[in-house]
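Student: Here's my sequence, what's the structure:
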Amino acid sequence: MSKDLAKTRNIGISAHIDSGKTTLTERILFYCDKIHKIEDVRGGGDGAKMDHMELEKEKGITITSAATTVHWKGSQNDGITFAEGGGKDIKINIIDTPGHVDFTVEVERSLRVLDGAILVLCSVAGVQSQSITVDRQMRRYRVPRLAFLNKMDRMGANPFNGVKALREKLNHNAVLMQLPIGSEDQFSGVIDLITKKAYYFDGDNGEKVRIEDVPADMADQVEEHREAMLDAVSEFDDTLMEKLLEGEEPTEEEIHNAVRIGVNTLKLTPVYMGSAFKNKGVQTLIDAVSRYLPSPLSCEAPTAKKDVDGKEEVMKLEPKDDLPLVAMAFKITDEQFGQLTYTRIYQGTLNKGDTIFNTRTKKKVRAGRLVRMNSDDRDNIDSAGAGDIIAMVGVDCASGDTFVGNDNYLNVSCEGIHVPIPVIELSVKAKDKDAQARMSKGLARFRKEDPTFHVYTDEESGETRIAGMGELHLEIYVERLKREYKAEVEVGAPQVNYRETIRTEAKYDYTHKKQTGGSGQFGQVVGFIRPLAEDKKEREDQVFAFNNNIKGGSIPGEFIGACEKGFQDVMDKGPLAAFPVINVEVDLNDGKHHDVDSSDMAFRIASRQAMRQAIKAASPVLLEPYMKVEVETPDEYQGFVIGDLSSRRGIIQGSEANDNGDAIINALVPLSEMFGYATELRSGTAGKAGYTMEFAEYKECPSNIQEQVMKERAEKLAAEE
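Tutor: Residues are numbered from 1 along each chain as shown. Down below sits the predicted model:
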């Protein structure tokens, strides 16, 4: 299978919302003969193939990532071959991901299992706020990518500005591989800077690729940009550089090879362009995917964590069918016939009917049915090998679980997925008992599917609360409860997820001593707590660090774990308003024990009390989530938008004009001030402005806001008692 594997590409398509990802995917499916009629995201018909949920079709946005597999034979019948694996028939597994930041976990888990990606940018707007987020996610998982400047037919389209934004805003070594023929409504094709040929896209759907010589009036421009391109890519291949220095003309294959090296080392981002909606430039992009993005054989070797006698070791996974199976469930959905588990096979072979092991639960399960996905359609398959992305039907597991082929690998787990913390929550209440049962069933399913969607019962009030990434995120799940589970629910007002932290260092010294009949309880802990510095964090989402500095056995080693658990217990509820505490580092420096009365429980209680004592002495403060807000508005409303954001305690970070003359305003605004903002913005700008918002960071609350939140929280807790 290795020869076939060399011809496999596992790619994702990611971008800012409304940049044309799903439209682009629809064209790729059409040109690869996967579908025979193009449907659009909006505008009647059955909707785009990859947006299969009714809610996606109604709102015109992608909510869940969808997977499909296509085969690409090249844009031409002759003269084109792809270096890795040779030949033309390239199998491309594609995942189309959402652009809206509320569904960011869909992008996270897709990129976790992919070998390459296409970063789609609007050639008018360039790099937008969520382009930055998506790029950060690609960097986190070290995913090589190509850039595609879409919407070249639109007024204000400018590929040179797109490349400039990629370099300046995202720090990419972005290099134009094509030039546009015509611009805006006159955009008719692209010139390939490697072959110096003009590509036009004829036929009703741009399916016929016509290649001609470069238009005479563009010859000088082509030579200038080709020279710049060759200069940039020659850094990755000494042979190419030597030829250029000696004034020789390199072969096309030598240029392709240098580009491929640059892409796969994440040091080069080739830039392509076109208009997916107008069916131009898509085939040459698929050629580039086939040529430059890595196969499972050539991508950076994936790793898993292996527990060996309590110590974590890194284990490299090899894409070979004859090795023991290691696979990761990266996305799950519940369907009529049971759970559908999207799975990336990293190593080994998975056959229909195989018994496999879940390394988290240590339980064995049977893979009864395997399918290859095409959005919501599926084809039954008998087996899948290393490098494949398929789905298992009826296997119960959670998102992120690792499956292995034999019980010798039960200590192996694929690296987890970065899951951002929810920043907004609201209460949901079923209208009657029947609806309550249906609501509970739906919420249990959603929580299993989406790691950023949290469900819990408020201990004080007994009400069910849901938490997520934003208003749209929760609105979609409430709507799905009504549609998919016929559960009519009443929704409470949205509430902000505040946090608590400390500002100074504080000492603790606590002795837990309790004497009853028989053996008592005794444990003393001594040390310091301090704010957890960013450079001390081992992970992006780390909020607690524990340092064991005990020497000489003043606290026996077997009780240290209990101490750490005791300190962590208190992180759930802070002293100010019972919100979770974050960013605390604990030093355990000394203590005392008793040969008879000391126990895990005694030291856990001592640590809890010590932590409570120390947090109160360390200048605790309330933190609130700030959102990164980007507003795009006609220039005449710029004053209103800036004034309104400032009145919401927003910190204006800057504004710029796009090529249409619209203003783009960036600000940091507390989430608590953003409820109802969409309505206010529409009414204040005659419906002409739009905005995007995503979580940025937690910042200290002003004292008046802190007092107000603490007062409201105290009243709420008192009313519930």
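
Student: pLDDT below threshold where in the stretch 1-150 of the chain?
Tutor: 1-3, 40-66, 75-88, 96-104, 106, 129 (pLDDT under 70).

Student: And the helices in it?
Tutor: 2-6, 21-31, 54-59, 104-113, 129-140 (DSSP state H, counting those that start in this stretch).

Student: could I get those as TSV with mean neighbour count and distance to residue 420?
Tutor: All C-beta atoms are positioned from the backbone trio N, CA, C, and that covers glycine. Formatted as TSV, these follow (neighbours: other CB atoms under 10 Å; distance: least, CB to CB, whole Å):
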stretch	mean neighbour count	distance to residue 420
helix 2-6	16	33
helix 21-31	26	21
helix 54-59	16	22
helix 104-113	25	6
helix 129-140	20	10
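
Student: Out of those, flag the one nearest residue 586.
Tutor: Among the helices of the stretch 1-150 of the chain, the nearest to residue 586 by CB to CB is helix 129-140 (27.5 Å).

Student: Packing partners of the closest one?
Tutor: strand 8-15, helix 104-113, strand 116-122, helix 159-170, strand 690-700 (3 or more CB pairs under 8 Å, 6 or more residues apart in numbering; DSSP states H and E).

Student: For the ones you listed, give me CSV that also has distance to residue 135.
Tutor: Converted to CSV, those look like this (distance: least, CB to CB, whole Å):
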stretch, distance to residue 135
strand 8-15, 9
helix 104-113, 11
strand 116-122, 7
helix 159-170, 5
strand 690-700, 13
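
Student: would CSV of the helices of the stretch 1-150 of the chain with distance to residue 403 be doable?
Tutor: Formatted as CSV, the helices of the stretch 1-150 of the chain follow (distance: least, CB to CB, whole Å):
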stretch, distance to residue 403
helix 2-6, 20
helix 21-31, 28
helix 54-59, 29
helix 104-113, 13
helix 129-140, 23
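
Student: Of all those, which one is nearest residue 178?
Tutor: helix 21-31 (15.5 Å).

Student: out of the helices and strands packed on helix 129-140, which comes closest to residue 191?
Tutor: helix 159-170 (11.4 Å).

Student: related to what we said a few turns ago, ok, which of the helices of the stretch 1-150 of the chain comes nearest residue 353?
Tutor: helix 2-6 (22.5 Å).

Student: Out of the helices and strands packed on helix 129-140, flag the one nearest residue 134.
Tutor: Of all those, strand 8-15 sits nearest to residue 134, with 4.5 Å by CB to CB.

Student: Which neighbouring elements make contact with the closest one?
Tutor: Other elements packing on strand 8-15 under the criterion 3+ CB pairs under 8 Å, 6+ apart are helix 21-31, strand 90-96, helix 104-113, strand 116-122, helix 129-140, helix 282-292.

Student: gap between it and the chain center?
Tutor: 13 Å (CA atoms, centre = their mean, to the nearest Å).

Student: next one: stretch 501-515
Tutor: 39 Å.

Student: Just the C-alphas of that stretch, formatted as PDB.
Tutor: The C-alpha trace of stretch 501-515 is given here as PDB (Å, rounded to 0.1, in the frame of the first residue of the first chain):
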ATOM      1  CA  THR A 501      -6.600  34.900  40.500                       C
ATOM      2  CA  ILE A 502      -3.900  36.300  42.800                       C
ATOM      3  CA  ARG A 503      -1.700  39.300  42.400                       C
ATOM      4  CA  THR A 504       1.000  38.800  45.000                       C
ATOM      5  CA  GLU A 505       3.000  36.000  46.700                       C
ATOM      6  CA  ALA A 506       1.700  34.700  50.100                       C
ATOM      7  CA  LYS A 507       3.000  32.300  52.600                       C
ATOM      8  CA  TYR A 508       0.900  29.400  54.100                       C
ATOM      9  CA  ASP A 509       1.500  27.300  57.200                       C
ATOM     10  CA  TYR A 510      -1.300  25.100  58.200                       C
ATOM     11  CA  THR A 511      -1.600  22.100  60.500                       C
ATOM     12  CA  HIS A 512      -4.600  19.800  60.300                       C
ATOM     13  CA  LYS A 513      -4.900  18.000  63.700                       C
ATOM     14  CA  LYS A 514      -7.900  16.000  64.700                       C
ATOM     15  CA  GLN A 515      -8.100  13.500  67.600                       C
END
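
Student: which residues are in contact with it?
Tutor: For stretch 501-515, contacts defined as CB atoms under 8 Å, 6 or more residues apart in numbering pick out 520-531, 581-584, 592, 602-603, 605-607, 609-611, 613-615, 617-621, 623, 698.

Student: tell me the SS of residue 253?
Tutor: State at residue 253, reduced to three classes by DSSP: H, G, I helix; E, B strand; the rest coil: helix.

Student: now do residue 570
Tutor: Note that with three-state DSSP, the state of residue 570 is helix.

Student: what sits against it?
Tutor: Residue 570 touches 581, 608, 611, 612, 615, counting by CB under 8 Å, 6+ apart.

Student: what about 7 Å?
Tutor: Neighbouring residues of residue 570 by CB atoms under 7 Å, 6 or more residues apart in numbering: 608, 611, 612, 615.

Student: What residue, apart from its backbone neighbours, is nearest it spatially?
Tutor: Among residues not flanking residue 570 along the chain, residue 611 sits closest, at 4.1 Å (CB to CB, 6 or more residues apart in numbering).

Student: Tell me how many other residues crowd that neighbour.
Tutor: For residue 611, the neighbour count with other CB atoms under 10 Å is 24.

Student: on that earlier part again, format the helices and strands packed on strand 8-15 as JSON lines; extra columns: distance to residue 559.
Tutor: Converted to JSON lines, the helices and strands packed on strand 8-15 look like this (distance: least, CB to CB, whole Å):
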{"stretch": "helix 21-31", "distance to residue 559": "53"}
{"stretch": "strand 90-96", "distance to residue 559": "47"}
{"stretch": "helix 104-113", "distance to residue 559": "37"}
{"stretch": "strand 116-122", "distance to residue 559": "48"}
{"stretch": "helix 129-140", "distance to residue 559": "37"}
{"stretch": "helix 282-292", "distance to residue 559": "56"}
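
Student: closest to residue 445 out of these?
Tutor: That would be helix 104-113 among the helices and strands packed on strand 8-15, by CB to CB, at 15.6 Å.

Student: Next, the angle from that closest one to helix 129-140.
Tutor: With axes from the mean of the first three to the mean of the last three CA atoms, to 10 degrees applied, the angle from helix 104-113 to helix 129-140 works out at 30 degrees.

Student: Can I get stretch 674-681 as CSV, trimmed to CA atoms?
Tutor: C-alpha atoms of stretch 674-681 as CSV (Å, rounded to 0.1, in the frame of the first residue of the first chain):
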residue,chain,number,x,y,z
MET,A,674,-21.1,42.7,24.1
PHE,A,675,-24.5,41.2,24.7
GLY,A,676,-27.0,42.5,22.1
TYR,A,677,-24.2,44.2,20.2
ALA,A,678,-25.3,42.9,16.8
THR,A,679,-28.7,44.7,17.1
GLU,A,680,-27.1,48.0,18.2
LEU,A,681,-24.5,47.9,15.4
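
Student: So what's the gap between it and the chain middle?
Tutor: 26 Å.

Student: Could you pull out the buried residues of that stretch?
Tutor: 674, 675, 677, 681 (16 or more other CB atoms under 10 Å).

Student: tell me the pLDDT at the first one?
Tutor: On the pLDDT scale, residue 674 is placed at 87.

Student: send the alpha carbons of stretch 331-348 over as PDB?
Tutor: Provided in PDB are the C-alpha atoms of stretch 331-348 (Å, rounded to 0.1, in the frame of the first residue of the first chain):
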ATOM      1  CA  LYS A 331     -14.700  13.800  15.800                       C
ATOM      2  CA  ILE A 332     -17.900  12.000  16.800                       C
ATOM      3  CA  THR A 333     -21.600  12.500  15.800                       C
ATOM      4  CA  ASP A 334     -24.700  10.500  16.900                       C
ATOM      5  CA  GLU A 335     -26.900   9.300  14.100                       C
ATOM      6  CA  GLN A 336     -29.900   7.100  13.500                       C
ATOM      7  CA  PHE A 337     -27.900   3.900  13.300                       C
ATOM      8  CA  GLY A 338     -25.500   4.700  16.200                       C
ATOM      9  CA  GLN A 339     -22.400   6.800  16.800                       C
ATOM     10  CA  LEU A 340     -20.300   7.800  13.800                       C
ATOM     11  CA  THR A 341     -16.600   8.100  14.800                       C
ATOM     12  CA  TYR A 342     -14.300   9.900  12.400                       C
ATOM     13  CA  THR A 343     -10.900   8.300  12.800                       C
ATOM     14  CA  ARG A 344      -7.400   8.900  11.500                       C
ATOM     15  CA  ILE A 345      -5.300   5.700  11.200                       C
ATOM     16  CA  TYR A 346      -1.700   6.600  11.900                       C
ATOM     17  CA  GLN A 347      -0.200   3.100  11.900                       C
ATOM     18  CA  GLY A 348      -1.400  -0.400  11.100                       C
END
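
Student: If anything else comes up later, I'll come back, but that's it for now.
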